[in-house]
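*Asks:* Structure, please.
(chains A and B)
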Amino acid sequence: MSGFKTNNKVVSWLDQRLPIFSMMQHSAIEYPTPRNLNYWWNFGSLAGFVLVVMVLTGIFLVMNYSSHTSLAFDSVERIMRDVNYGWLIRYLHMNGASMFFILVYIHMFRNLYYGSYKAPREVLWWVGIIIFLAMMGTAFMGYVLPWGQMSFWGATVITNLFSAFPIVGEPIRTLLWGGFSVDNPTLNRFFSLHYLLPFVIFALVFVHVWALHTVKSNNPLGIEIKTPADSIPFHPYYTIKDLFGIGVFLMFFLSFVFWGPNFFGEPDNYIPANPMQTPPHIVPEWYFLPFYAILRAFTQDIWVISAKLQGVVAMFSAIIILFFLPWLDTSKVRSAKFRPLYRQFFWLFLVDCLVLGYVGGKPAEGMLITIGQIATAYYFGHFLVIMPLLGKIEKPKALPASISAPVLKEKA
Amino acid sequence: MRKLILSALIATGLAGASSAALAATGGEPLMKSEFSFNGFFGHYDQAQLKRGFELYHQVCSNCHNLRLVAYRNLADVGLTADEIKAVAAERDIDDVPNDEGIVSKRQGRPSDKYIGPFANEKAAAAANGGAAPPDLSLMAKARVGGPNYIYSLMLGFADAPEHHVVPEGKYFNKYFPGGNISMPPQLMDDLVTYTDGTKATPEQMAKDISAFLNWAAEPELDARKSLGLKVMVFLGIFTALLYALKRQIWKNIH
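*Replies:* Numbers count the residues shown, from 1 in each chain, chains lettered A, B, ... in the order given. Next up, the predicted model:
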C-alpha cells in the first residue's frame, strides 16, 4: 500500500497486521479523483449518507415496533405519540426512503448523461442496478410494515403480480404470503427481510465502491485520467465538497421532515388495514409509479399470454434492460457533452420517465391508457432502437486532449 | 450551485407530479380555512383546542372515539389535572381480574387511552344503522385535505341536487365521497356553550373541531415546527461555513 507513514508505534503495529490505516490512506485520502467533477457527482456519497440514516433510524424504530397484524398499526402510532422523539425518528425514516430514491434516480440519470456505464465501468454499473433492485424490495416491504390500508392493498397487488407467471407463479405467491392471502405471516417475513436487505445493500455498496476505485470515477468530459495533472487527491478536495453537499441536502430533506412529513405519503395509510374494504384507488409509492405505468400499459391478451403476464414481464424488463446498456449504446464517446444528438434524446428519455410516473399515479382510464402505452413503447425504444442507432449516425464533437487541458487553457 | 438548485427542483417536480396525481377524491373541491398551525411558524392556538375539546366532549364523543389519544394528553389542550381525572372517570372499562378471577368494571384513569362510547365495533354499527362511526384519532391525517376536509364536511350538509338520490337514513353532504353520509348534520347555532365565551356559530365550531382533531392526529406539531426552525438556522450557518471552506480549499484548483 502507498505512502502511509506514522511515528505512532501502536498504529504502526496494528497496520502491519491489519492494514486498515494504509487502506484508508489509499482509498479515502490519496485516491486520485478527476479534478473536474461537477455537483452531479455528489449524489453517490449523498445516497450512502441516506443509507446510514435509514439504518440508524430503522434500528431505533424496531425497538418499538410490533410485527403482528393486530399490533403493528398501533405500535407505529405509539412511536409517533409516546416514544421520546419517536415522531422525528419515524418521519426521518419515512421521508428518508423518498430521499433515497430521489438521490439514486439523479445518480442514475447523471450516469446516463455522462455515459458512465461504458467500458471499463460496466460492472460498476451492474452493481449499481443490483443495489437499485435491492432498494426497491426493501422500500416495498418497509411500506407494508405500518399495516395501513395502502400497506395491505399495495402488498396484495404487488404480490399478486407473481401469480401471472405460468406454473411457478402460484407457488411463488404462496411463498411470499406464507399462506393464502396477505396476512400475519406475510407481515412477519416482510419485517424480517426489511431488516436484512439494508445490510445486503451495505455489502453491495462496498462492492460498488471497490469497483469504482478500481476503474476510477468518470467525469463530465468522459475521458480517462491520463496525467497526474488530471486528478486531485480525494481528501481534502472531495471530502469537503461532499460535506457541503450533505449540508445542502439535509436542508432539503429536513424541510419535508419538519414541515411536510406526509407530503410523499398516502392519507389512506393512516387508516388501519382492512381486508374487507378495498380503497377506491390503489397506488404504490411515488418512486414505483413509472414501473407501475409500464405494468398497466398492457391491456390485450395475446394468444395464451395474458395482459397481466405481459405487463409483469415488461416491468421487470424495464430494469433488466439496463444491464445491457453498455452494449446497446454503440457510441465510443461517453459524455453527452460531445454527443449533440444523444444529448437531446437524453432529455426526451427523462421526460418520458416523468410522463410514465404521472400516468402511473392516475387511474387507468381514457387518454391516459394510450399515453401510458406510447410512453412505455418509447422507454423500450430508447434502449433498443435509439441507443444502438445513435452511435452509428451521430457525429460526436472533438474530445479535449486531457481533463486538465481545457482547465489549463482557461487559466492562460 | 445552480445545478444543485435545479436538481432540487427536478426532485420536487417529480414528487409534486405524483402527489398531485394522488390528490383526486370524490365530492366538491374542499373549502380552505385559515388555521393557526399552518405554515412555517404555525402552532396550535390553545384556546381553540380547548373549544374544540369542549365540542368533541359534549357532542362528537357520544358516537366517535379517539382511541389513540390518552386522557393525560388533554393537558396539551389546557385541562387541569383534576379536569382530566373527571373526564377520564366518565366512562368505565373492564378492570384486571381480581384474586377470585372476577372481572369487574372500573372508572377510566388519566393514563388510559380514550374509552369509546360503544362496547365494540359491532355494537357501534348496530346502534348506528349498520355503519360504525369512525374513530377520529387520525381523521385529520387519513383524508386528503386533512383539517380542511373535516372543516368542509362539517359545513357541507345541503339539500341534495335534483337527480341525486339520498337513501333512507343518509344525509347529503357536498364533500363526502359519493355524497351520502350516515352522520346527520350536527352544527347549529349554540350547540355548545364555550367556557371562554366565544359565540358558537357553525363556522366557529367547524373550525374549532378541525383544529382539535388535527391536534389529536398530530400532537407533536408544535414541537416539530419549533425544532425544525432551530435545526434550519443551525444548518444554514453550518452549510455556509462548509461552502466557505470548500472555496478556500479549492482556490488553487480552479
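
*Asks:* quick one: low-confidence parts of the chain?
*Replies:* Unless you meant another one, I'm taking chain A. For chain A, applying pLDDT under 70 flags the ranges A:1-3, A:407-412.

*Asks:* should've been chain B
*Replies:* In chain B, residues with pLDDT under 70: B:1-26, B:254.

*Asks:* Do you have the helices of it handy? List them.
*Replies:* B:2-22, B:46-58, B:81-88, B:121-126, B:139-142, B:147-155, B:202-217, B:221-250 (DSSP state H).

*Asks:* Surely A:Pro280 forms part of a strand?
*Replies:* No. Read with DSSP: H, G, I helix; E, B strand; the rest coil, A:Pro280 is coil and lies in no strand.

*Asks:* Contact partners for B:Asp76?
*Replies:* B:Tyr44, B:Gln46, B:Leu49, B:Trp215, B:Pro219 (CB atoms under 8 Å, 6 or more residues apart in numbering or on different chains). C-beta: built from backbone N, CA, C; applies to glycine.

*Asks:* what about the second one, how many neighbours?
*Replies:* The one in question is B:Gln46. 14 (other CB atoms under 10 Å in any protein chain shown).

*Asks:* same question, the fourth one
*Replies:* In terms of burial, B:Trp215 registers 26 neighbours under the definition other CB under 10 Å.

*Asks:* Repeat that for the last one.
*Replies:* Here the number of neighbours of B:Pro219 (other CB under 10 Å) works out to 20.

*Asks:* surely it meets B:Asn73?
*Replies:* Yes. Taking CB atoms under 8 Å as the definition, B:Pro219 is a contact partner of B:Asn73 at 6.3 Å.

*Asks:* Now look at stretch A:137-150 and say if it contacts chain B.
*Replies:* No. With CB under 8 Å from any CB of the partner chain as the criterion, chain B is not reached by stretch A:137-150; the gap is at least 8.5 Å.

*Asks:* Just give me the neighbour total for A:Asn84.
*Replies:* So A:Asn84, with other CB under 10 Å, has 7 neighbours.

*Asks:* Dump the helices of chain B to a markdown table, plus distance to chain A.
*Replies:* Putting the helices of chain B into a markdown table (distance: least, CB to the nearest CB, whole Å) gives the following:
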| stretch | distance to chain A |
| --- | --- |
| helix B:2-22 | 3 |
| helix B:46-58 | 16 |
| helix B:81-88 | 16 |
| helix B:121-126 | 11 |
| helix B:139-142 | 4 |
| helix B:147-155 | 9 |
| helix B:202-217 | 8 |
| helix B:221-250 | 3 |
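
*Asks:* Can you tell me, leaving aside adjacent residues, what's nearest to the one residue in the stretch 101-250 of chain A that gets nearest to chain B?
*Replies:* Relative to chain B, the nearest point of the stretch 101-250 of chain A is A:Gly247 (3.2 Å; CB to the nearest CB). Spatial nearest neighbour of A:Gly247, chain neighbours left out: B:Thr239 (3.2 Å); criterion: CB to CB, 6 or more residues apart in numbering or on different chains.

*Asks:* quick one, what contacts the nearest residue to A:Ala293 once chain neighbours are set aside?
*Replies:* Nearest non-adjacent residue to A:Ala293, counting by CB to CB, 6+ apart: A:Gly360, 3.5 Å away. For A:Gly360, the contact set (CB under 8 Å, 6+ apart) comprises A:Val283, A:Pro284, A:Phe288, A:Leu289, A:Pro290, A:Phe291, A:Tyr292, A:Ala293, A:Arg296, A:Gly372, B:Ser18, B:Ala21.
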